[in-house]
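# Any chance you can model this:
(chains A and B)
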Protein chains: 2
Amino acid sequence: ESFLVKKVWRFLKKAWDLGVDDPRIFFHCLKVGIALSIVSLFYYMRPLYDGFGGNAMWAVMTVVVVFENNVGASVCKCLNRICGTSLAGSLAFCVHYLASKSGHKFEPFIVGTSVFLLASVATFSRFIPSVKARFDYGAMIFILTFSLVSLSGYRVDELLDMAHERISTIIVGTSLCILVSMLICPIWAGGELHALINRNMDKLANSLEGCTGEFFKSNGGLGESNKESNEKLLGFKCILASKANEETMAKFALWEPAHGQFNYKHPWKQYLKIGASIRSCAYCLEALNACINSDHKIPESIMKHVSDTCLRVSSNASSVIRELAETIKTMKRSSTIDVLVGEMNSSVQELQEDLKSLPQNETPIIDMIPVLTCVSLLIEIANRVEAIVDA
Amino acid sequence: ESFLVKKVWRFLKKAWDLGVDDPRIFFHCLKVGIALSIVSLFYYMRPLYDGFGGNAMWAVMTVVVVFENNVGASVCKCLNRICGTSLAGSLAFCVHYLASKSGHKFEPFIVGTSVFLLASVATFSRFIPSVKARFDYGAMIFILTFSLVSLSGYRVDELLDMAHERISTIIVGTSLCILVSMLICPIWAGGELHALINRNMDKLANSLEGCTGEFFKSNGGLGESNKESNEKLLGFKCILASKANEETMAKFALWEPAHGQFNYKHPWKQYLKIGASIRSCAYCLEALNACINSDHKIPESIMKHVSDTCLRVSSNASSVIRELAETIKTMKRSSTIDVLVGEMNSSVQELQEDLKSLPQNETPIIDMIPVLTCVSLLIEIANRVEAIVDA
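So this is what the prediction gives:
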């Protein structure tokens, strides 16, 4: 039993740490609570209650379902919900009208087939990538509303009234959501994306330096402590896995209004491109890292011959990346970037010269070459990134 | 105007192709239609209608919201929905009871605070990774039901009746969903995962052969046509991006009952490990590919010296991977795998010998070395994968 208690305790501890690490989670939870409390006022205040009737539960439902972690996602869901509901509602009304005109006998069939057909088509549309990216939730709401309205239409006849009420409650719910999520400690998907890309660039620079440092440790001084360097290695692993995250953020960022340093038409897609470039650098690092961990032993002479230049290349590349990160952060074209890229290129050339003049008697250049490959790739990428960043 | 028509037409064409490529999408859409039609019968059949009352709409809603592409996801959502609803319902009932005992004056406050608190806590729990992976949807439903019940409890007093009806309609809806998704052309998340891993292995083998083939094209005959080899390159890019997909599938596969060749306790997590190994091979390939596309020119002599052995290494590695794919497909331990791995190892050693005996006068071994790095990594990975596959 005490084992169970311990387990639960550890679980709670971990959960709490999660929140302490990122206090915005707490804020988000409180925001959900606040939004729900405001909505529940609709139940308690008589006049409002009379206005919205039993449908007030739709407002509650909307808040719960639509409220998301960042503003973009909330706005996207809200608009989807409103559009889906109104579209489905009006379509269902048309079908209902047609069905009632065609006589009592055919009514169930018409309603039934239309539900079947439209549900299938809408489900299909959710598989189309361009629809899925933007209107996935809307399509679901469309099916839901359409089937609810056209089926309940069979029983209830005050369809128009109901539709009116339903849509007004949903609008109340959604606008409340948008307001709360934008006004109280807003978390912008765009800002998150911005920060993520920035963080990834820093991580990349650190990992690059860390890896090469590790590789030439025997020469290049004592190197850092094991734990710290491990953390740096972990850094680029994060980059490898962050693709899905970036895409979601970029998707939601498109829905956000102008805020802070970002305009409405901020080129979010560029972030994805930059992210992809960063990731391709990280792939190189992964390969490089594999070399570091392999157990080939490298003759001292060769090590000595190249290590200085290699370290210079990597530190130059890192400073290019850091400068780019800075550029992105401040969104101002950096004046020193060209100089830095030039330095990096010249150090790469130096390295190539070094290699040519290598004492040609041993092979395990093997373990060193990827550094070069990686670095030359880095230059390409750095150049590309530089060209991209005009935001 | 004709431009618009054309655009719409192209969009529809593309959507249709999507379905033709993967007919299961059509089946899925039809399944949703069928499930909805069956549910709508509840509205038309008098006796059933009387039993479930206006709450029958909850059955419709459940079907729409819960029905997912693969069986695992549907089951997961169904169970989440049932658990979330019952838990929240009973909790809300307790709170309501307490509130009504404490007198009319305090009731709104107690209800309000409990909604606020529980909503915040439940939202927080959705951020805990282990909860998020399994009960994300359940937590949302919990908040939804709790707030609906405790708020509506303030007005309606036949709470027990309502709860009973609500839960029975949801159970009807969910069991219908599970039945339809399992009985009519089921798509199993487990099967999908299995096929995905298999496909990825084949792609990896093809890419590996394609890349090395491309690299030594000048020697190794005419090589394949440009388009085909490009497709092979694309192959490993898919692997790089398939991580999120694999994880989702594995998550849902855990919820699936035994089916086909898979037992209930099929080691789905192993698939993730294998997937990760495949991906690390793909990272190497990415680096290798960068070498191929670089514009270093390699002296003929060196090319001739190693190309045969390199090609042999890569084809051996590919056949190991293919054999592993076969092993996974049939889930039987392959008898030839050890021989193949042995062959691969010996060819790698041969390559190392070759490198040692290289005419030591030119440097651009640069461009060739990654092949070796990659291959030696491959061996490691292949061995690890082999150890893993006992399923």
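# Hmm, A:Gly112 is touching B:Ser37, no?
Yes: taking C-beta atoms under 8 Å as the contact criterion, A:Gly112 and B:Ser37 are neighbours in contact, 6.0 Å apart. For glycine as for every other residue, the C-beta is placed from the backbone atoms N, C-alpha and C.
# what about these two, which has more around it?
Relative neighbour count places A:Gly112 above the other of A:Gly112 and B:Ser37, with 20 against 16, counting by other C-beta atoms under 10 Å in any protein chain shown.
# can you tell me the helix or strand for the more buried one?
The secondary structure element spanning A:Gly112 is helix A:107-125 (assigned by DSSP states H and E).
# ok, and what's touching that helix?
By C-beta atoms under 8 Å, 6 or more residues apart in numbering or on different chains, the surrounding residues in contact with helix A:107-125 are A:91, A:95-96, A:98-100, A:102, A:131, A:135, A:139-140, A:142-143, A:146-147, A:150-151, A:153-154, B:15, B:19, B:25-26, B:28-30, B:32-34, B:36-37, B:40, B:44, B:64.
# List the buried residues in the helix or strand containing A:Met182.
Counting by DSSP H and E, the element that carries A:Met182 is helix A:159-183. Buried positions in helix A:159-183, judged by neighbour count with 16 or more other C-beta atoms under 10 Å in any protein chain shown: A:159, A:162-163, A:165-167, A:169-174, A:176-178, A:180-182.
# Wait, a helix at A:Phe252?
Yes: the assignment for A:Phe252, made by DSSP: H, G, I helix; E, B strand; the rest coil, places it in a helix.
# Now do the contacts for it.
By C-beta under 8 Å, 6+ apart, the contact set of A:Phe252 is A:Asn70, A:Val71, A:Gly72, A:Ala73, A:Cys76, A:Ala189.
# go with 6 Å
For A:Phe252, the contacting residues are A:Gly72, A:Ala73, A:Cys76, A:Ala189, taking C-beta atoms under 6 Å, 6 or more residues apart in numbering or on different chains as the criterion.
# Now it: closest residue in space that isn't a chain neighbour?
A:Gly72 (3.0 Å; C-beta to C-beta, 6 or more residues apart in numbering or on different chains).
# Against B:Glu246, how distant is the one you found?
Counting by C-beta to C-beta, to the nearest Å, the gap between A:Gly72 and B:Glu246 amounts to 27 Å.
# out of these two, which sits in the more crowded spot?
Neighbours were counted for A:Gly72 and for B:Glu246 using other C-beta under 10 Å; A:Gly72 has more, 28 against 23.
# ok, and what's touching the helix holding A:Met182?
Under the contact criterion C-beta under 6 Å, 6+ apart, helix A:159-183 has outside partners A:31, A:35, A:52, A:55, A:58-59, A:62-63, A:66-67, A:71, A:74-75, A:78, A:85, A:89, A:153.
# neighbours around A:Glu326, how many?
Residues lying near A:Glu326 (other C-beta under 10 Å) number 16.
# can I get the contacts of A:Phe252 in JSON lines with secondary structure and pLDDT?
JSON lines is the format used below for the contacts of A:Phe252 (DSSP: H, G, I helix; E, B strand; the rest coil; pLDDT from 0 to 100):
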{"residue": "A:Gly72", "secondary structure": "helix", "pLDDT": "83"}
{"residue": "A:Ala73", "secondary structure": "helix", "pLDDT": "85"}
{"residue": "A:Cys76", "secondary structure": "helix", "pLDDT": "86"}
{"residue": "A:Ala189", "secondary structure": "helix", "pLDDT": "81"}
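# Can you list the low-confidence ranges for the stretch 101-250 of chain A?
A:152-159, A:214-234 (pLDDT under 70).
# do that again at 50, thanks
Applying pLDDT under 50 to the stretch 101-250 of chain A picks out residues A:218-224.
# Name the residues of it found near chain B, please.
Counting by C-beta under 6 Å from any C-beta of the partner chain, the stretch 101-250 of chain A comes close to chain B at A:108, A:115-116, A:119-120, A:123-124, A:127-128, A:143-144, A:147-148, A:151, A:244.
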